[in-house]
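> Let's see this in three dimensions:
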Amino acid sequence: MHDRTPFFPCFFFMRRIQLFQSCIIKNACTKQLKSGVAMDLPQNLTQLGLSRYEINTYLALVGHHPVNGSRLSRISGIPRARIYDVLRGLTDKGFVVEAGDGLYVPLPPEEFVKRLRHSFSSILGILEEKIEAASTTTRYDYVWSIRGYDKVIDKAREMIGSARKDIYTRLYPSEGNILCRDLEKATADGVSVKYISMGPCPVTVDLYVVHPEPEQIEADHGGRTFDLVVDKKELLVGLFEKGKADRSPINWAKNHWFVITIRDSLRHDFYHYILHALYQKKGLLTRRERALYEKITRDL
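Sure, this is the predicted structure:
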């Protein structure tokens, strides 16, 4: 197994653009930039290809226009000696227009974001073509480790959203509550979702069971297990260690036999539930449990 940090370029850049868009909307609605005070910006916004000065200048213009360079310097907190160079750069990029008499106005925010998105989509398209031309057959023999709770949840949502046929998942309520809407949407879209809930089930799907021993498993393993298999093609599995969820490595893979093995393991959890029900009820199953058994038995 190789511990590699996965690279999702399209998501990476689109997330930056969405973040910038939220900053623009916030500034346009509240006009919160005060004289001489630069807006508090996430550092990674500069990865959009604009400098911090350019971003602050554009956001200041969104809230205050038309305006001249001198006043814009006071509003944005950018030194007066630099403001005109910054405005010139934004003008050359088509993000700012000089309206006459030394007054500047910004490109409308929706058009600004559209241009950024198109620019990065075009760049990523070229990169994808280069990768395809350079590649032979892509192999998925490796297992990648994803660290960071939010990154794991984002990857899970991406996988659920891409599902076309079936999903097997085993989740504790902490993660089930977060992913319930995604799973329910997949069900509504015709995906067969088989859900093993490690506690009260927060999801409305046809095929689900509540695991009979979630507390014991959590105690034995020292944390919450996380299992997701989509379309017999990819998986996301691991353990959120108690008190270390954000640092716990969760494995993502497309290795065929690894995926099939984990899927079959989750499938057998349904048999575990049926055996438990038979034992508890002395051989009697409900109509729902019998139907569940028949469906899982056929789902090879």
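> need the contact list for Glu175.
By CB atoms under 8 Å, 6 or more residues apart in numbering, the contact list for Glu175 reads Ile153, Ala156, Arg224, Phe226, Phe240. All C-beta spots, glycine's among them, are computed from the backbone N, C-alpha and C.
> ChimeraX command for the buried members of those residues?
Entered in ChimeraX, the line below selects the buried ones among the contacts of Glu175, by 16 or more other CB atoms under 10 Å:
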select :153,156,224,226,240
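> Could I get the contacts of Glu175 in JSON lines, plus columns for pLDDT?
Below are the contacts of Glu175 laid out as JSON lines (pLDDT from 0 to 100):
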{"residue": "Ile153", "pLDDT": "96"}
{"residue": "Ala156", "pLDDT": "97"}
{"residue": "Arg224", "pLDDT": "96"}
{"residue": "Phe226", "pLDDT": "97"}
{"residue": "Phe240", "pLDDT": "97"}
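> Glu241: what's its closest spatial neighbour, skipping adjacent residues?
What sits nearest to Glu241 in space, not counting adjacent residues and going by CB to CB, 6 or more residues apart in numbering, is Gly223, at 4.1 Å.
> give me the number of residues near that neighbour?
Using other CB atoms under 10 Å, the number of residues around Gly223 comes to 19.
> Can you list phi and psi of it for me?
phi 170, psi -170 (degrees, to the nearest 10).
> Break this protein into its domains for me.
9-113, 143-298 (automatic domain parsing).
> Can you flag the weakest of the ones you listed by average pLDDT?
Mean pLDDT across the domains of the chain is lowest at domain 9-113; the value there is a mean of 71.
> re the thing from before, surely the residue nearest to Glu241 and Ile250 touch.
No - using CB atoms under 8 Å, Gly223 makes no contact with Ile250, being 11.1 Å away.
> can you give me the helices in the stretch 201-300 of the chain?
Secondary structure of the stretch 201-300 of the chain, counting by DSSP state H, counting those that start in this stretch: helices at 214-221, 256-280, 287-298.
> Save these as a markdown table, and put in mean neighbour count too.
Formatted as a markdown table, the helices of the stretch 201-300 of the chain follow (neighbours: other CB atoms under 10 Å):
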| stretch | mean neighbour count |
| --- | --- |
| helix 214-221 | 13 |
| helix 256-280 | 15 |
| helix 287-298 | 13 |
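> Thank you, goodbye.
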